[in-house]
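Visitor: Turn this into a model:
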Amino acid sequence: MRRALFVTLATAGLTSCLQVIGFRDVEPGSGGASGTASIGTAFSASTASSNAATATVASSSSATASSSAAGSGGGGSTLLAGLVAYYKLDEMMGDRADSAAGNAMHTVMQPVTGAQGKIGGAAKFNDANDQGLSAASTPKNAVGIGDFTLALWINLTSSGNANWLVTKWSAAGTELKLRFDYNSKSIFFLAPTDCVGGDVAVKSPAGGIDFGNWHFVVAWRDAGSSHVQVDDGTVSNMPVSGKCSGTANLQLGNWSAGCANECAMGLLDEVGVWNRVLTPAERTALYNAGKGTTYPF
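Guide: Next up is the predicted model:
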């Protein structure tokens, strides 16, 4: 019996997307199959053709698909525990798939395009008012009343304003707010103290975020504190009391329909939300010595 790897190459404009459909067991001399397993998607910039092609690669025993952009983070399946949303953001336009829970993100007003990301593709924001990505609030991603962790890669471009990166924020209740502060070149993680606008900000060290380079941001809240960390470095902490169970959408690059020129400016990639606090080893595994790693880890 041989193992065959099936891939699909779809191209548009100057970019192409290579989709690994799965492996199929093939008996010599037959077209039979015992099953297909979905593997994932890898992004690459390559051709100007708008055609689509399918290729089959067979080996004498087995084949393995992997992304050259990232190695194994070493965290293994522990990173799947408590994962309530994960957006690879490989898509170049339109809805962005949720690999963990199937709760896709939709464009808010103005379209969000794609570009080469940290791993595969990334969502590209240009600080346009009413531009962003939004996923409906669900019981899974309603993290305001318990412990949670948010992790993502960012690559920002120069902007004279604050950049809202990830929010779950509305007049009815705020669960989380994460933004880049232009003046201090740091990350602010604002955890709520109530459901009427009160919050406490914990800040990463000043100067830790520069423009045009990728940085890994992790923010989390436990029973009595909020925390933020950049590039697997120093953890900043702030005591916080009070929580809020809201129903605001989970948004990227925006805080509502109209962010008053404080939308994100740059690239966001590999956004994950957990309903628990990740361990230091798990955070380090996601950072993966600066190479990153992606679902399913």
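Visitor: looking at this structure, which helix or strand is least sure?
Guide: In the chain, the helix or strand scored least confidently by mean pLDDT, DSSP states H and E is strand 52-59, which has a mean of 32.
Visitor: what are the C-alpha coordinates of the helix or strand following that one, in PDB please?
Guide: Using DSSP states H and E, the helix or strand that follows strand 52-59 in sequence is strand 83-87. Extracted in PDB, the C-alpha atoms of strand 83-87 (Å, rounded to 0.1, in the frame of the first residue of the first chain):
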ATOM      1  CA  LEU A  83      -9.100  26.800  22.700                       C
ATOM      2  CA  VAL A  84     -12.300  28.600  21.800                       C
ATOM      3  CA  ALA A  85     -11.300  30.500  18.600                       C
ATOM      4  CA  TYR A  86      -8.300  30.400  16.300                       C
ATOM      5  CA  TYR A  87      -8.000  32.500  13.100                       C
END
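Visitor: Parallel or antiparallel, list what pairs with strand 83-87.
Guide: Sheet pairing for strand 83-87, assigned by DSSP bridges, gives strand 265-274 (antiparallel).
Visitor: Next, the angle strand 265-274 makes with the following helix or strand past the strand it pairs with.
Guide: Counting by DSSP H and E, the next helix or strand C-terminal to strand 265-274 is helix 280-287. Orientation check (axes from the mean of the first three to the mean of the last three C-alpha atoms, to 10 degrees): helix 280-287 against strand 265-274 gives 140 degrees.
Visitor: Could you give me the buried positions within helix 280-287?
Guide: If you call a residue buried by 16 or more other C-beta atoms under 10 Å, then helix 280-287 has these buried ones: E282, R283, A285, L286, Y287. C-betas here are computed from N, CA, C, even on glycine.
Visitor: go on, stretch 118-130?
Guide: Of the residues in stretch 118-130, those buried (16+ other C-beta under 10 Å) are K118, I119, G120, G121, A122, A123, K124, F125, D127, A128.
Visitor: Make a markdown table from the residues you listed and add pLDDT to it.
Guide: As requested, the buried residues of stretch 118-130 are exported to a markdown table (pLDDT from 0 to 100):
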| residue | pLDDT |
| --- | --- |
| K118 | 98 |
| I119 | 98 |
| G120 | 98 |
| G121 | 98 |
| A122 | 98 |
| A123 | 97 |
| K124 | 96 |
| F125 | 92 |
| D127 | 79 |
| A128 | 76 |
